[in-house]
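[1] Below are the sequence and a predicted model for it; my questions follow.
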Amino acid sequence: MLFVKAAKTVAIGIVFMPIAGCAIGTGIIFASLLKSVSYAPDYEEVLFNYAIMGFAFIETFSFFLFGAAGFIYVL
């Protein structure tokens, strides 16, 4: 039983590793938003909409990871 608990802990750790990638991706999206708005301030609304869409896709991936971690924990 201890082996199963250890395996679950390792699996949850592996599942949570891409969360760091989600944080880095979010930072890259909003950094590029600031850069692109400084180049083209006329398109601020359009660029913001694109950035929010990219942020939503990244957060959806992170929520899937949380769901996978919960599934692993319940098993």
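    Good, I have the coordinates.
[2] When you work out contacts or count neighbours from here on, use the C-alpha atoms and nothing else.
    OK.
[3] helices or strands up against the longest helix seen in the chain?
    Among the segments of the chain that qualify as a helix by DSSP state H, the longest is helix 44-74. In terms of contacts (3 or more C-alpha pairs under 8 Å, 6 or more residues apart in numbering; DSSP states H and E), helix 44-74 is packed against helix 2-16, helix 18-39.
[4] And the average pLDDT for that helix is what?
    In this model, helix 44-74 has a mean pLDDT of 92.
[5] mind checking how far the spatially most central residue of the chain is from A51?
    Central residue of the chain (C-alpha atoms, centre = their mean): C22, 2.8 Å from the mean position. With distances taken as C-alpha to C-alpha, to the nearest Å, C22 is found 14 Å from A51.
[6] Tell me how far D42 lies from I14.
    43 Å.
[7] what do you get for L33?
    L33 sits 30 Å away from I14, taking C-alpha to C-alpha as the criterion.
[8] Neighbour count: these two, which is higher?
    More crowded of L33 and I14, by other C-alpha atoms under 10 Å: L33, with 19 against 12.
[9] Please name the residues that touch that one.
    47-48, 51 (C-alpha atoms under 8 Å, 6 or more residues apart in numbering).
[10] what number of residues lie near M17?
    M17 has 11 neighbours, counted by other C-alpha under 10 Å.
[11] ok, so what distance separates V4 from V74?
    12 Å.
[12] and the helices and strands packed on helix 44-74, which one is worst for confidence?
    helix 2-16 (a mean of 88).
[13] Can you give the contact residues for it?
    Applying C-alpha under 8 Å, 6+ apart, the contact partners of helix 2-16 are 65-66, 68-69, 72-73.
[14] For PyMOL, what selects the buried ones among these?
    For the buried members of those, the matching PyMOL selection, counting by 16 or more other C-alpha atoms under 10 Å, is:
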select buried, resi 65+66+68+69
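[15] For the contacts of helix 2-16, could you give me CSV that also reports distance to S38?
    CSV is the format used below for the contacts of helix 2-16 (distance: C-alpha to C-alpha, whole Å):
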residue, distance to S38
L65, 34
F66, 35
A68, 39
A69, 39
I72, 44
Y73, 45
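[16] Since that was my last question, I'll sign off now.
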